[in-house]
Every structure is written in structure tokens, then in C-alpha cells.
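**Student:** Got a sequence here, can you model it:
(chains A and B)
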Amino acid sequence: MELVLDANEYIFGFGLAKEPSCEKLIDVIHNKYPSHSIRICEIIVAEVRHNLTLEDFRRFIEFISALTTIDQSIVIPFEIGAKYETKGFKPADAFIAAYTECVGADALVTENRHFLSRQEDLPFKVVKAEEILLKL
Amino acid sequence: MKYMSETERIKKAGEALRKIRENVSRRKSPFDGMSKDESIELMRKVREKLWEEKIGVSSGRK
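**Tutor:** Okay, the predicted model is just below:
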């Protein structure tokens, strides 16, 4: 299964706020590597960076680089991003939804209820950590 | 440049994860005292700010 983990999964998963399912998700993906692949884009990395010290961000890069490659310069067709903005997503959320579609991921894992409430007719599933854990 | 095997990389990733969590647990979190929804709202604000910085213009949305 290929997953895009929203920044909140990493932030909760590292313990910045107590959310055991997110911690477990990070552990399962790491412990079962390479059973499930993850994709990550620059904006998610930047959000994680915002919440860590420089030293811990270096560790995050070490962690994530062992599991996947950061998509730094991926080109998302304008019309795909615009499609999600039309559905009511904010621009950055629209980019992440478009990114998830473009990389062909099976699911976007997020705790963000704005994503979770707008999942009709999407080409990928939008799920919380506790839901995806049942399938991993 | 030192090349590591996949097993070594995954092991080191686990050590990095453990150390991040250890360090995070010692510091005051920006989400202390917030509910899950409040934490996510704060993250969304940060996301929009980072996005606007990235593309160099304001989204003009609220």
C-alpha cells in the first residue's frame, strides 16, 4: 500500500501532542519497511521542520530518507490543484490532495477533519491513522 | 562517502526516531494545553503561511 502521510501524522507521531495512533502508525511503517511505501513532498517536510529543532530535523531527514525519497521538485498540473480548490480545499491542502493524486497513492493519512469531511469522489482514500492501522 | 546497507539505514532511522521522541518529550510543545482540533487548526495556519511564503503571494482566502 502506498501512503501519503500528512504533516500532522509526523508531528503527532513524534509526540509533540499525545496521539497514540499516530505514533503507532509511524512505528508500523518503520518496523514493517518495505511492506508499505510512503511518499512525502516538500511542503509536508517544511511543516515538520517548523515543529522541530534543527538537530531533530536533521534526524527527521535521516529517518524519512531511509524510508522514501522526498519529492522536492514535483510538478503538479495546475488543473489538478485547481480541481481541489474548487472542491473547497485551501490552496496548500489542495496541493497536498493533488500531490496524493499525482503520485497515485492509495490513501492520504491525516487527522485533519477538513480533509476527512471532503472525501467524496476522490481518487484516493482519506483516512485517520487509527483507520489505516487496521489495514497495515 | 559512506554507503550503508538497507538494514543499516532502517536501523539508523529507528535510532533517529527514538532520539526525536526523546528530545520532543523534554521540551515544551507548541500544542501544550490544546485539544486535538486546536492543534490541527494551528498546524493548518502554519501550513497556509508556509505555502504563501513558498509561492510568494497571499492566497487571498480566509
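
**Student:** how about residue 13, what does it touch?
**Tutor:** This is for chain A. A:Gly13 is in contact with A:Glu19, A:Cys22, A:Glu23, A:Leu25, A:Ile26, A:Ala129, counting by C-beta atoms under 8 Å, 6 or more residues apart in numbering or on different chains. (Glycine included, C-beta is placed from N, CA and C.)

**Student:** oops, I was thinking of chain B
**Tutor:** Residues near B:Ala13 by C-beta under 8 Å, 6+ apart: A:His30, A:Glu62, A:Phe63, A:Ser65, A:Ala66, A:Leu67.

**Student:** how much space is there between the spatially most central residue of chain B and B:Phe31?
**Tutor:** Centroid-nearest residue in chain B: B:Met43, 9.5 Å away (criterion: C-alpha atoms, centre = their mean). B:Met43 is 9 Å from B:Phe31, where distance means C-beta to C-beta, to the nearest Å.

**Student:** The contacts of A:Gly13 also near chain B: which ones?
**Tutor:** Checking the contacts of A:Gly13 against chain B by C-beta under 8 Å from any C-beta of the partner chain, the ones in range are A:Glu19, A:Glu23, A:Ile26.

**Student:** Adding pLDDT and secondary structure as columns, could you present those residues in TSV?
**Tutor:** Formatted as TSV, the ones next to chain B among the contacts of A:Gly13 follow (pLDDT from 0 to 100; DSSP: H, G, I helix; E, B strand; the rest coil):
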residue	pLDDT	secondary structure
A:Glu19	94	coil
A:Glu23	98	helix
A:Ile26	98	helix
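
**Student:** What's the ChimeraX line that selects buried ones from these?
**Tutor:** Buried subset of the ones next to chain B among the contacts of A:Gly13, written as a ChimeraX selection, criterion 16 or more other C-beta atoms under 10 Å in any protein chain shown:
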select /A:19,23,26
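
**Student:** How about the residues of chain B by chain A?
**Tutor:** Chain B comes close to chain A at residues B:9-10, B:12-14, B:16-17, B:19-21, B:23-25, B:27, B:29-31, B:34, B:36-37, B:39-40, B:43-44, B:46-48, B:50-51, B:54-55, B:59, B:61, as judged by C-beta under 8 Å from any C-beta.

**Student:** same thing but 6 Å
**Tutor:** B:9-10, B:13, B:16-17, B:19-21, B:23-25, B:29, B:31, B:39-40, B:43, B:46-48, B:50-51, B:59 (C-beta under 6 Å from any C-beta of the partner chain).

**Student:** Am I right that A:Leu108 is in a strand?
**Tutor:** Yes - looking at A:Leu108 with DSSP: H, G, I helix; E, B strand; the rest coil, it is inside a strand.

**Student:** what stretches of chain B score poorly on pLDDT?
**Tutor:** Chain B contains residues with pLDDT under 70 at B:1-2, B:57-62.

**Student:** Please enumerate the helices of it.
**Tutor:** Assigned by DSSP state H, the helices in chain B fall at B:6-26, B:36-55.

**Student:** Please list which of the contacts of B:Ala13 are also close to chain B.
**Tutor:** A:Glu62, A:Phe63, A:Ala66.
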